[in-house]
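J.: Sequence first, predicted coordinates after that:
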Amino acid sequence: MTTAGSPAVVVHHRLHADFAVPVPWLRRLLGSRSGLELDTGGLRVRFGPWLVETPLANLAGAEATGPFSPLRALGVRLSLADHGLTFGTTTRGGVCLRFREPVPGIDPWGKLRHPGLTVTVAEPELVAATITRIVS
């Protein structure tokens with residue numbers, strides 16, 4: 001049973017990041033500790049040592065996006081324009097997640113907050129559609 005205004009999620013998604021990283025040692029380093037999980041406990045996105053976690057109620061939306069420029073797509077990036085965060089492994093595309101309240105992610109102290117996170121996943125359209133259903 002769900003109360004009014006609380007999202008109902010009945011599936012558990014474990015979606016692995018799309019690791020088209022041209023450097024094999026980097027792919028091995030990040031691959032074992034990276035991915036996107038979405039379930040009733042919330043959203044968790046791990047990229048090597050970096051972690052973004054938020055409850056479902058904090059999700060504002062998501063869109064599939066890309067392709068990306070190689071200079072802007074690979075690795076961990078902070079947008080100086082809007083403080084958005086990117087966890088990227090490929091130029092092919094990903095999903096842009098928006099949050100109602102900015103979340104910590106890039107710094108270990110949680111001082112810097114991010115209004116959005118772009119992450120490369122194998123099925124960005126699936127992630128975007130799932131999050132859109134949750135926030136609707």
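T.: Sure thing, it's come through. The shown structure was predicted, so the numbers you read here are calculated from the model rather than taken from an experiment. Numbers count the residues shown, from 1 in each chain.
J.: Run me through the strand neighbours of the longest strand anywhere in the chain, direction for each.
T.: Secondary structure assigned by DSSP state E gives strand 94-104 as the longest strand of the chain. Paired with strand 94-104 in the same sheet, following DSSP bridges, are strand 59-65 (antiparallel), strand 113-119 (antiparallel).
J.: For S136, find the nearest of these.
T.: S136 lies closest to strand 59-65 among those, at 9.4 Å (C-beta to C-beta). Every residue, glycine included, has its C-beta placed from N, CA and C.
J.: which other residues reach the closest one?
T.: 43, 93-100, 118, 124-125, 127-128, 131-132, 134-135 (C-beta atoms under 8 Å, 6 or more residues apart in numbering).
J.: can you do 10 Å?
T.: 7, 38, 42-43, 93-101, 115-121, 123-132, 134-136 (C-beta atoms under 10 Å, 6 or more residues apart in numbering).
J.: Just the buried ones out of these, please.
T.: 38, 43, 93-99, 115-121, 123-124, 127-128, 130-131, 134-135 (16 or more other C-beta atoms under 10 Å).
J.: Please enumerate the helices of the chain.
T.: Along the chain, the segments classed as helices by DSSP state H run 24-31, 70-73, 124-135.
J.: May I have the beta-bridge partners of the spatially most central residue of the chain?
T.: Central residue of the chain (C-alpha atoms, centre = their mean): V119, 4.4 Å from the mean position. Using DSSP bridges, the bridge partners assigned to V119 are F87, V95.
J.: Tell me how far it lies from G66.
T.: 11 Å (C-beta to C-beta, to the nearest Å).
J.: what is in contact with those two at once?
T.: Joint contacts of V119 and G66 (C-beta under 10 Å, 6+ apart) are G88, G94, V95, C96.
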